[in-house]
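A.B. asks: structure for this input, please:
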Amino acid sequence: MSAERVTAQYNEEFRTPGSALPTVAQHVKEFSTLAPWHGEYLARPLFVAEREIHDFADDLQHLVETLFSLPDRMFGGDLEAFRSALGISDGHWEVIRRFGDLLPPSFGRADMYHDGTSFKLLETNLGSESGGWGLASEMSQAAMEVDAFADFARRNRLGYVHPVRAVVETLRRFGAPVAPGREPVVAMLEWRGGMTDYGELWRNFQSALRSAGFDILLAEVSDVHERGEALYLGDTKIDVIYRAFVPDQIADEPDGWDLVAPLLRAHRAGGTLLWTPLSSNMFANKACMALLSDPARRRNLSEDECRLIDRVLPWTRLINTDALKTDTDLVDECLERREQLILKVNARGGGVGVVVGWETDDATWRRALENSAAEGCVVQQRVIPRPELVVDPVSGETEEWHAAYGMFYTPDGCAGTYAKVVPAGSGSIISIAAHAKARSAAVFHQSERPVWGEVPAVGELPADAAK
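C.D. replies: Got it, this is the predicted structure:
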């Protein structure tokens, strides 16, 4: 049975008088490890084909590997030329270089839309600052605790991967050199004031990790101090810092370097390890996607790599001050194709700075291109999400929603999926922070194999399942 048919069957059973399926969202909302998070949930989980998830995960892994090779293959190893193309300022570049480790681990959350045919990558969100791991893990687990849903999952072979368990294994391996024979002490560090803005998200992450048998401390950079060659929170030595701050926070604040100096010294001494270097932020820069997408820059990529890029990445082009001055053809194309394009600022996330071409007029679009060029931005081909049909539990009406899927990944491969959704026609930016009607949704993959519930990560599927 296809994922579409599973959805149709779920909605039919959802409407059946006396069905317990309408209680799933409320059970998720009341689930103990989700208590720190006060967001809203879609009336049902979303369903995708396991084969689609596996294929996209495989493509994503190879695409990220290609991203890491860009400095060598497109710029001859000249990191100054690479960072100039990305529009990284001197201050931000100094932060990245001081912390070293220019080749980061493959760890983050890829955001994508499904256009009705396949998944299309929108952003890589490389780095430990990407959120949603705990939310994705616990929504799926909570849904499986409702007997009616567990029965539906069994009958339709619905599985999910628990992202937090993948994080636990990753952190245990990473921390082993400084915590031999014991569990590493891990502290998630936000920037100063960050727990006020993102505390809900990180407390949910902490609850999910504890539920998986792994503890993590939550703090801000100003809370830790240096002792010997390591960092401490109070009297507790920290083995691993799980970074939730980014280079611009260090570079843009007058005392930014003072705040991170103890961390930098402990990192260099090896007493406290930093999970995901700040160079992750460099490779997550949206300009990297434009470099991959532009055929004029792909001379050193293989035909297979180019086919993969074109398969998963929408048409994306880099717009900066030089492009406005020298590449008149590109500028003219962006002006002519306004209704098919969206503008995104290279180093910003959460929908900040986004200008939607099909929701603006010609003059506003031109100004947006000109104003954003100085900071560096990309224009990207519009991807129209397929409609996700959801039964409203109050009215009983079937509604269309649009989903932005998030695929979590670690060095071992795909580590699970979740979705953010908004009502179709209510706006083009699918973001929990920027959309009052946004909801979160668990994602289950439909398998042809006789399995259901929590399953190994996609990268760990048995050989016969990956055929």
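
A.B. asks: where in the protein is pLDDT low?
C.D. replies: Scanning the chain for pLDDT under 70 picks out 1, 347-351, 450-453, 456-467.

A.B. asks: tell me the centre residue of it?
C.D. replies: The centroid of the chain falls nearest to residue 109 when counting by CA atoms, centre = their mean (2.5 Å).

A.B. asks: other SSEs contacting the helix or strand hosting that one?
C.D. replies: Per DSSP states H and E, residue 109 falls inside strand 108-114. Judged by 3 or more CB pairs under 8 Å, 6 or more residues apart in numbering; DSSP states H and E, strand 108-114 is in contact with strand 119-123, strand 398-410. The way it works is simple: take the backbone N, C-alpha and C, and place the C-beta from them, glycine included.

A.B. asks: how about JSON lines for these, with distance to residue 266 added?
C.D. replies: What follows is those, written out as JSON lines (distance: least, CB to CB, whole Å):
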{"stretch": "strand 119-123", "distance to residue 266": "31"}
{"stretch": "strand 398-410", "distance to residue 266": "24"}
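
A.B. asks: of all the ones you listed, which lies closest to residue 322?
C.D. replies: For those, the distance to residue 322 is smallest for strand 119-123, at 23.4 Å, taking CB to CB.

A.B. asks: tell me the angle of the closest one relative to strand 108-114?
C.D. replies: Here strand 119-123 runs at an angle of 130 degrees relative to strand 108-114 (axes from the mean of the first three to the mean of the last three CA atoms, to 10 degrees).

A.B. asks: after strand 119-123, next one along is what?
C.D. replies: Counting by DSSP H and E, what follows strand 119-123 is helix 133-144.

A.B. asks: got the angle for that next one vs strand 108-114?
C.D. replies: 60 degrees.

A.B. asks: now do helix 133-144 against strand 398-410, angle only.
C.D. replies: Helix 133-144 and strand 398-410 are oriented at 130 degrees to each other (the same axes, to 10 degrees).

A.B. asks: compare the helices and strands packed on strand 108-114 and give me the one nearest residue 70.
C.D. replies: Of all the helices and strands packed on strand 108-114, the one in closest proximity to residue 70, counting by CB to CB, is strand 119-123 (15.6 Å).

A.B. asks: can you list the strands that that closest one pairs with?
C.D. replies: Counting by DSSP bridges, the strands paired with strand 119-123 are strand 108-114 (antiparallel).

A.B. asks: what sits up against the partner strand?
C.D. replies: With contact meaning CB atoms under 8 Å, 6 or more residues apart in numbering, strand 108-114 is reached by 48, 56, 60, 119-128, 130-133, 280, 284, 312, 383-386, 402-409.

A.B. asks: and if we set it to 7 Å?
C.D. replies: Residues outside strand 108-114 that contact it (CB atoms under 7 Å, 6 or more residues apart in numbering): 60, 119-127, 130, 132, 383, 385-386, 404-409.

A.B. asks: check stretch 189-208 too.
C.D. replies: Residues from elsewhere that reach stretch 189-208 (CB under 7 Å, 6+ apart): 33-34, 36-38, 131, 133-135, 137-138, 164, 188, 216, 218-222, 224, 241, 243-245, 249, 259.

A.B. asks: pull out the buried members of those residues.
C.D. replies: 33-34, 36-37, 131, 133-135, 137-138, 164, 188, 216, 218-221, 224, 241, 243-245, 249, 259 (16 or more other CB atoms under 10 Å).

A.B. asks: give the contact list for residue 318.
C.D. replies: 287, 290, 378.

A.B. asks: can you tell me which of those residues is nearest residue 438?
C.D. replies: residue 378 (23.5 Å).

A.B. asks: name the SS class of that closest one, please.
C.D. replies: strand (DSSP: H, G, I helix; E, B strand; the rest coil).
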